[in-house]
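# Structural data only, the sequence is not supplied:
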């Protein structure tokens, strides 16, 4: 559909494809998030955990459910892509266009954003200010590890995920759209 293309998910993921049996994630909470009730109250969620814990998979699954089951307008950004787009927008003298487009979304997923904050690529105050000043209809899901306390404070829901088993352990390299 048009909304699925607009969301720009790197790969299609849904809850049926997530193995809750090997994850410490709270299945009930994830199912509630996929029900998108949190979007009615303009809430934010943070999924934190190490590599291979399923953060990106679940964030994408929540977004897919938002579109296919609840008619939500969703946009997915990997942090690297978003930072590059913002830099290009600034360089081209068109700063603010991405932010304006995001105001029209019901749900924005910022995958691995906590890394950008941790490594200093994006100041935590800029992210916090963006979350505080977002449209009341725009909900945000952040993923990554070691979420800054300011981001946790601003989130309405925070879930921590823990790796039980991962392909990294077998020497299988990360794949774009899956691990980053």
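All right, it came through fine. None of the values given here were measured: they were computed from a predicted structure. Residues are numbered from 1 along each chain as shown.

# Which helix in the chain has the most residues?
Counting residues, the longest helix in the chain under DSSP state H turns out to be helix 55-70.

# C-terminal to that one, what's the next element?
strand 74-78 (DSSP states H and E).

# List of residues touching that following strand?
3, 6-10, 59-60, 63, 66-67, 85, 101-102, 105-112, 180 (C-beta atoms under 8 Å, 6 or more residues apart in numbering). Every residue, glycine included, has its C-beta placed from N, CA and C.

# ok, it: who's next to it in the sheet?
Counting by DSSP bridges, the strands paired with strand 74-78 are strand 107-111 (parallel).

# buried residues in whatever helix or strand comes next after the strand it pairs with?
Going down the chain from strand 107-111, the next helix or strand is helix 113-118, by DSSP H and E. Within helix 113-118, the residues scored as buried using 16 or more other C-beta atoms under 10 Å are 113-117.

# Mind giving me the packing neighbours of the helix or strand following helix 113-118?
Read in the C-terminal direction, the helix or strand following helix 113-118 is helix 124-133, with elements assigned using DSSP H and E. Helices and strands in packing contact with helix 124-133 are listed as helix 113-118, helix 149-154; criterion 3 or more C-beta pairs under 8 Å, 6 or more residues apart in numbering; DSSP states H and E.

# Tell me where the model's unsure across the protein.
Judged by pLDDT under 70, the chain has its weakly predicted residues at 162-168, 174-180.

# Who does the most centrally placed residue in it form a beta bridge with?
Averaging the C-alpha coordinates of the chain gives a centre point, and the residue nearest to it by C-alpha atoms, centre = their mean is residue 109 (3.2 Å). Beta-bridge partners for residue 109, by DSSP bridges, are residue 76, residue 141.

# residue contacts, it?
If you count contacts by C-beta under 8 Å, 6+ apart, then residue 109 has 59-60, 62-63, 74-77, 140-141, 143 around it.

# still on that earlier bit, put together CSV for the helices and strands packed on helix 124-133, with distance to residue 45 on each row.
As requested, those are arranged in CSV below (distance: least, C-beta to C-beta, whole Å):
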stretch, distance to residue 45
helix 113-118, 12
helix 149-154, 11
